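Novice: Just need the structure, nothing else, for what follows:
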Amino acid sequence: MQPRRVAVLGGGPGGLYAARLLKLAQPACEVVVHEQGDRETTFGFGVGLAAGTQRKLEAADADTLRDIQAAGRRHDMTMEVGGAVARVRNDNLIGIARTELLDVLQRHAEKAGVQLEYGSRRTADDLDADVVVAADGVGSATREAGDFGTDVETGRGLYLWCGAAFALDDAVFAPVDTEHGTFVTHAYPYSPDRSTFLVETDEATWRAAGFEVPDLDADGTDARSLDHLAAVFAGHLRGHALIGNRTRWTRFRTVRCDRWSDGRIVLLGDAAHTAHFSIGSGTKLAMEDAIALVTALGEEDGAAAAFVRYEAERRPAVERLQELARRSRLWWESFPSRTHLPVERLMVSYMTRAGNVPLDRFAETSPDVVGAALAQYAGAAPVVPDDVTGWVLDHAADPPAVGAAETVVDAVVEDPWGREADAVVAGSTGSGAVRVVGPPDRPALLTRLDLAERLRLEAGAVVTVEGPPELRDDLAAGLVSGRADRVALVAS
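Specialist: So this is what the prediction gives:
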């Protein structure tokens, strides 16, 4: 397809990147980006880009990636609990200021010949274009005005984004217990003198701290919450205050759409889909969307065919990430229940929370963390065996004999912390031993392990989880992470 005019609604990373790639691929096409905000005004702090995304950006546009990397800051990752620290090397991850990222993308878009228009609100109906790319964010007005079959799921936990005027040495995950409950920070450096501090908590803690009614300052930041959190995380802030930028408490919204296009309009990035920030990145997804969309527009005969190809290519990857992100969100929303674990076992729980990092692979990259976690789990000397999974299963307690007194839980739940799971936990309270059984597929097993963790912690039961031999890696990770006391391999 050779469109005459393409309009992009939204001047965020996804919209700018799509515009540049399209102009490079089709120089004769008129490409205009319409952003309702001012060019110099942006919200947010740092953006993270992992190694996999950087490889895709390099293949699509090496010049832009080179400038992004030059403006970014590489860092490792640590978890701090009760003064103990576990570190994971991850120096291929970079943090970059959102302002710097937008500046790079704006310059490269204009260099390619893209026209950038700021300061006016436009709708698709206002635009004379063959293709309208809606990259207008999670609250997309374009999506809401069209026929995309939108579904929005709102999380239970609350979070806010803020920053600090110094650079952390590494990314830090750290919980702090207060008189009101537990607050957790996800913090990371993104420039020589700035760090992002994302803070989240559960609703009970949020209410107990008196945050239901925000105290907004002139720029829309909840100043009272930031002052309170600066005191909570004083040890991590090194004497610095927290910086707001229209910062206030919110709940994460997971956006899903049945269709990503409607006529000449096609959705991109957060307008089409979102994934929880603890595992997904709106910037990552949007820029990878842009690569696929521009390729499809260049190789298909018409917009309709290009949109079908774009969605067919991107939807599987997006839906996979959304499922990983859903599991990660649920883990973080229930995080305070795990802070009794030694920090190394908690790090293993974190790395395996969504099922995308096998225990053996994690051991290869962080043998010191996994070795300590295995020692804590088994009460043995620190060791990293060649076959981590086999070692864990060999050191696991034997499940009760068939016919022993166990309460069998055979409940299929989607959300291990939802109302159906609440009923299962309540019904199992007082049971000395519980066996959790269910379908042999991997998603069902991962959910069983999460439910088993609740049964251990809340019902006080000794819990055995059944699973097929081919999923023994997940069962081993569940043992080291404290999700189960015992496992039973059962042929599917």
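Novice: Let's verify the most centrally placed residue in the chain: helix, strand, or coil?
Specialist: Centroid-nearest residue in the chain, with CA atoms, centre = their mean: Ile279, separated by 2.4 Å. Here Ile279 is coil, with the state taken from DSSP: H, G, I helix; E, B strand; the rest coil.
Novice: now it, nearest residue through space, not along the chain?
Specialist: Ser328 (4.1 Å; CB to CB, 6 or more residues apart in numbering). C-beta: built from backbone N, CA, C; applies to glycine.
Novice: you'd agree that neighbour is up against Phe252?
Specialist: No: assessed by CB atoms under 8 Å, Ser328 is found out of contact with Phe252, at 10.7 Å.
Novice: Overlap in contacts, those two.
Specialist: Applying CB atoms under 8 Å, 6 or more residues apart in numbering, one finds that Ser328 and Phe252 are jointly contacted by His276.
Novice: Determine the number of other residues adjacent to Ala145.
Specialist: 14 (other CB atoms under 10 Å).
Novice: Look up how far Asp262 lies from it.
Specialist: Per CB to CB, to the nearest Å, Ala145 is found 9 Å from Asp262.
Novice: One more: Thr352?
Specialist: Distance of Thr352 to Asp262, computed by CB to CB: 39 Å.
Novice: For the two, work out which one has more neighbours and name it.
Specialist: Remark: of Thr352 and Asp262, Thr352 carries more neighbours, 24 against 20, as counted by other CB under 10 Å.
Novice: Neighbours of the closest residue to Ser278 other than its chain neighbours, how many?
Specialist: Excluding the flanking residues, the one nearest Ser278 by CB to CB, 6+ apart is Ser328, at 4.6 Å. Neighbourhood size, Ser328 [other CB under 10 Å]: 22.
Novice: name the helices or strands packed onto the strand or helix carrying Ser328?
Specialist: Ser328 belongs to helix 303-333 when assigned by DSSP states H and E. In terms of contacts (3 or more CB pairs under 8 Å, 6 or more residues apart in numbering; DSSP states H and E), helix 303-333 is packed against strand 253-257, strand 261-262, strand 265-267, helix 282-299, helix 442-458.
Novice: which of the ones you listed is buried the deepest?
Specialist: Neighbour counts (mean count of other CB atoms under 10 Å) averaged over each of those peak at strand 265-267, with a mean of 27.
Novice: That one packs against which elements?
Specialist: strand 131-134, helix 141-145, helix 303-333.
Novice: Other residues contacting stretch 377-388?
Specialist: With CB under 8 Å, 6+ apart, stretch 377-388 has contacts from 345, 359-360, 363, 367, 370-372, 374-375, 391-392, 395, 476, 479-480.
Novice: now with 10 Å?
Specialist: Residues from elsewhere that reach stretch 377-388 (CB atoms under 10 Å, 6 or more residues apart in numbering): 341-342, 344-345, 348, 358-364, 366-376, 391-396, 473, 476-477, 479-482.
Novice: quick check, distance from that stretch to the centre of its chain.
Specialist: The chain centroid and the centroid of stretch 377-388 are separated by 30 Å under CA atoms, centre = their mean, to the nearest Å.
Novice: Would you mind writing the CA trace of it as PDB?
Specialist: Output of stretch 377-388 as PDB, limited to C-alpha atoms (Å, rounded to 0.1, in the frame of the first residue of the first chain):
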ATOM      1  CA  TYR A 377      14.800 -24.000  51.200                       C
ATOM      2  CA  ALA A 378      16.600 -27.300  51.900                       C
ATOM      3  CA  GLY A 379      18.500 -26.400  55.100                       C
ATOM      4  CA  ALA A 380      21.700 -27.300  53.300                       C
ATOM      5  CA  ALA A 381      25.000 -25.700  52.300                       C
ATOM      6  CA  PRO A 382      24.700 -23.200  49.400                       C
ATOM      7  CA  VAL A 383      25.000 -25.100  46.100                       C
ATOM      8  CA  VAL A 384      24.000 -24.600  42.400                       C
ATOM      9  CA  PRO A 385      23.700 -28.100  41.000                       C
ATOM     10  CA  ASP A 386      23.800 -28.800  37.300                       C
ATOM     11  CA  ASP A 387      20.100 -29.900  37.500                       C
ATOM     12  CA  VAL A 388      18.500 -27.400  39.800                       C
END
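Novice: Could I get the buried residue list for it?
Specialist: Neighbour-count burial for stretch 377-388, counted by 16 or more other CB atoms under 10 Å, picks out 377-378, 384, 388.
Novice: what's the closest of the helices and strands packed on helix 303-333 to Asn245?
Specialist: The minimum distance between Asn245 and the helices and strands packed on helix 303-333 falls on helix 282-299, with 16.4 Å, by CB to CB.
Novice: any idea of the mean pLDDT for that closest one?
Specialist: Mean pLDDT, helix 282-299: 96.
Novice: Okay, angle between that helix and helix 303-333 too, please.
Specialist: 160 degrees (axes from the mean of the first three to the mean of the last three CA atoms, to 10 degrees).
Novice: just the helices and strands packed on strand 265-267: most buried one?
Specialist: Of those, strand 131-134 is the most buried (mean count of other CB under 10 Å), at a mean of 28.
Novice: now the angle from the longest strand along the chain to helix 303-333?
Specialist: Taking DSSP state E as the criterion, the chain has its longest strand at strand 182-191. Relative orientation of strand 182-191 and helix 303-333, computed by the same axes, to 10 degrees: 130 degrees.
Novice: Against Arg251, how distant is His276?
Specialist: For His276 relative to Arg251 (CB to CB), the value is 11 Å.
Novice: of those two, who's got more company?
Specialist: A count of neighbours by other CB under 10 Å puts His276 above the other of His276 and Arg251, at 26 against 13.
Novice: Ramachandran coordinates for the more buried one?
Specialist: The phi and psi values for His276, taken as degrees, to the nearest 10, are phi -50, psi 140.
Novice: What of Arg248?
Specialist: Per degrees, to the nearest 10, the backbone of Arg248 is at phi -150, psi 160.
Novice: Go ahead and confirm it touches Asp222.
Specialist: Yes: Arg248 is within contact range of Asp222, at 4.4 Å (criterion: CB atoms under 10 Å).
Novice: circling back: residues contacting the residue nearest to the centre of the chain?
Specialist: 321-322, 324-329, 331-332, 353-354, 356.
Novice: where's it relative to Arg327, distance?
Specialist: Distance from Ile279 to Arg327, by CB to CB: 8 Å.
Novice: got any residues that touch both of those two?
Specialist: 353-354, 356.
Novice: By pLDDT, rank those residues and give me the bottom one.
Specialist: Among those, pLDDT bottoms out at Asn356, giving 91.
Novice: looking at it, that residue is touching Tyr350, isn't it?
Specialist: No: with contact defined as CB under 10 Å, Asn356 does not reach Tyr350; the gap is 12.0 Å.
Novice: Counting neighbours, go ahead and name the busier of those two.
Specialist: A count of neighbours by other CB under 10 Å puts Tyr350 above the other of Asn356 and Tyr350, at 22 against 15.
Novice: Give me the next element, helix or strand, following the one helix or strand the more buried one maps to.
Specialist: In the assignment (DSSP H and E), Tyr350 maps to helix 343-351. Following helix 343-351 in sequence order, the next helix or strand is helix 359-365 (DSSP H and E).
Novice: What's the mean pLDDT across that following helix?
Specialist: Helix 359-365 comes out at a mean pLDDT of 94.
Novice: Could I get the buried residue list for that helix?
Specialist: 359-360, 362-363.
Novice: Take the contacts of Ile279 and write them to JSON lines, including distance to Pro214.
Specialist: Converted to JSON lines, the contacts of Ile279 look like this (distance: CB to CB, whole Å):
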{"residue": "Leu321", "distance to Pro214": "31"}
{"residue": "Gln322", "distance to Pro214": "29"}
{"residue": "Leu324", "distance to Pro214": "31"}
{"residue": "Ala325", "distance to Pro214": "26"}
{"residue": "Arg326", "distance to Pro214": "27"}
{"residue": "Arg327", "distance to Pro214": "30"}
{"residue": "Ser328", "distance to Pro214": "27"}
{"residue": "Arg329", "distance to Pro214": "23"}
{"residue": "Trp331", "distance to Pro214": "27"}
{"residue": "Trp332", "distance to Pro214": "22"}
{"residue": "Arg353", "distance to Pro214": "30"}
{"residue": "Ala354", "distance to Pro214": "31"}
{"residue": "Asn356", "distance to Pro214": "35"}
